[in-house]
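S.K.: Fold the following.
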Amino acid sequence: MSKNQELKRHCPLVPLKGILVTENIANNYNDVSAFCPDPSDLLIATYPKAGTTWVQEIVDLLLHSGDSETCKRAPTPIRMPFLENTARIGMPSGLDLLKAMEPPRVIKTHLPFHLVPKGFWENKCKVIYVARNAKDNLVSYFYFDQMNLTHPDPGPWEGYIQKFMQGQLPWGSWYDHVKGYWQERERRNILYLFYEDMKENPRREMARIMRYLDLSLSDDVISRIVELTSFKTMKDNPMANYNFITKPIFDQSRSTFMRKGEVGDWMNHFTPEQAAEFDEDSEKKMKHVNIPFRTQL
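M.R.: Residues are numbered from 1 along each chain as shown. You can find the predicted model right below:
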């Protein structure tokens, strides 16, 4: 690893209003918090590695009636800026990109509910939230942190499980994240989706998104979008697979940005003892909410 890459790994996590984020995002948060969206803007919110890029591509295709060429006009983070992301090599900050775009805009965030700029709620913007079961989310995040050189080194699997349970990862606790949006979903008109539902029946979930966006597309167009947003197709799509982001940011020789996209891959990683400890901890953290997660289909 080059000296430049080693320096990237030294980007520390710092506290920001109850969660941990990388230092550059914490330093940029006041500007992010002051962002005032247009009422026509759409926010896609997720905990990292919960199907964010998948839903972004679905939304872009729905908004452009399944026109795949239009949706290849630029890579995902250029078409749909990452709100809190700071400028990187060859990539403007999310806020700079948004300033240069005319509404309506599609905006991505990993911020928990309490850190989303208040303007989204004051202007009654539509918000799509995607949640993935904790075990698969953890596995996907573990591999992502191996290749994402702007995050701290994930360390061994056994220790990473503990970090996840304790919320000691960028963007904080998965448990607080999924609960925060769930508890506000009706009051804020948030479309709350589950990764597992999308894998089980993508057509059904796309129809839900379409209706939420007040769109009306033919069955043929929906079928085309289902094909265009399959895991294999997106993994081969240079505008969606993040291959354009290379070292010293992403080292995809360690793990690809789009790795498996499966439900139940956690069973290939957790020992029975680890699963039992994780389940016991999860039950305590989730006992006051009834969010219908599934860990296999």
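S.K.: Give me the below-cutoff pLDDT ranges for the protein.
M.R.: For the chain, the stretches with pLDDT under 70 are 1-10, 89-90, 238-247, 249-259.
S.K.: so where do the helices sit in the stretch 151-297 of the chain?
M.R.: 157-166, 174-184, 195-200, 202-212, 219-228, 231-235, 272-285 (DSSP state H, counting those that start in this stretch).
S.K.: Contacts for the second one next, please.
M.R.: Identification of contacts with helix 174-184 by Cβ atoms under 8 Å, 6 or more residues apart in numbering yields 19, 45, 47, 112-114, 127, 129, 131, 134, 137-138, 164, 167, 171, 190, 192, 282, 285-286, 289, 291. Using the backbone N, CA and C atoms, a C-beta is placed for each residue, glycine as well.
S.K.: could you redo the last one with a cut-off of 6 Å?
M.R.: 47, 112-113, 129, 131, 134, 190, 285, 289, 291 (Cβ atoms under 6 Å, 6 or more residues apart in numbering).
S.K.: And those residues, which two are furthest apart?
M.R.: Spatial extent of these (Cβ to Cβ) is set by the pair I190 and K285 at 20.9 Å.
S.K.: Quick check: C11 touching I25?
M.R.: No. With contacts counted by Cβ atoms under 6 Å, C11 stays clear of I25, the gap being 9.7 Å.
S.K.: who has more neighbours, those two?
M.R.: More neighbours surround I25 than the other of C11 and I25, with 22 against 16 (other Cβ atoms under 10 Å).
S.K.: Give the helix, strand or coil label for that one.
M.R.: helix (DSSP: H, G, I helix; E, B strand; the rest coil).
S.K.: which residue ranges form the strands in the stretch 51-200 of the chain?
M.R.: 106-109, 126-131, 190-194 (DSSP state E, counting those that start in this stretch).
S.K.: Next, count neighbours for the closest residue to P103 other than its chain neighbours.
M.R.: Excluding its sequence neighbours, the residue lying closest to P103 (Cβ to Cβ, 6 or more residues apart in numbering) is D38, at 3.6 Å. When neighbours are defined as other Cβ under 10 Å, D38 has 14 of them.
S.K.: I'd assumed M101 was in contact with D38.
M.R.: No. Here D38 does not reach M101: they are 10.0 Å apart, not a contact under Cβ under 6 Å.
S.K.: which of the contacts of helix 174-184 are buried?
M.R.: Among those, the ones that count as buried by 16 or more other Cβ atoms under 10 Å are 47, 112-113, 129, 131, 134, 190, 285.
S.K.: got TSV for those, with distance to Y29 too?
M.R.: Putting these into TSV (distance: Cβ to Cβ, whole Å) gives the following:
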residue	distance to Y29
Y47	18
P112	12
F113	15
Y129	20
A131	23
A134	26
I190	22
K285	25
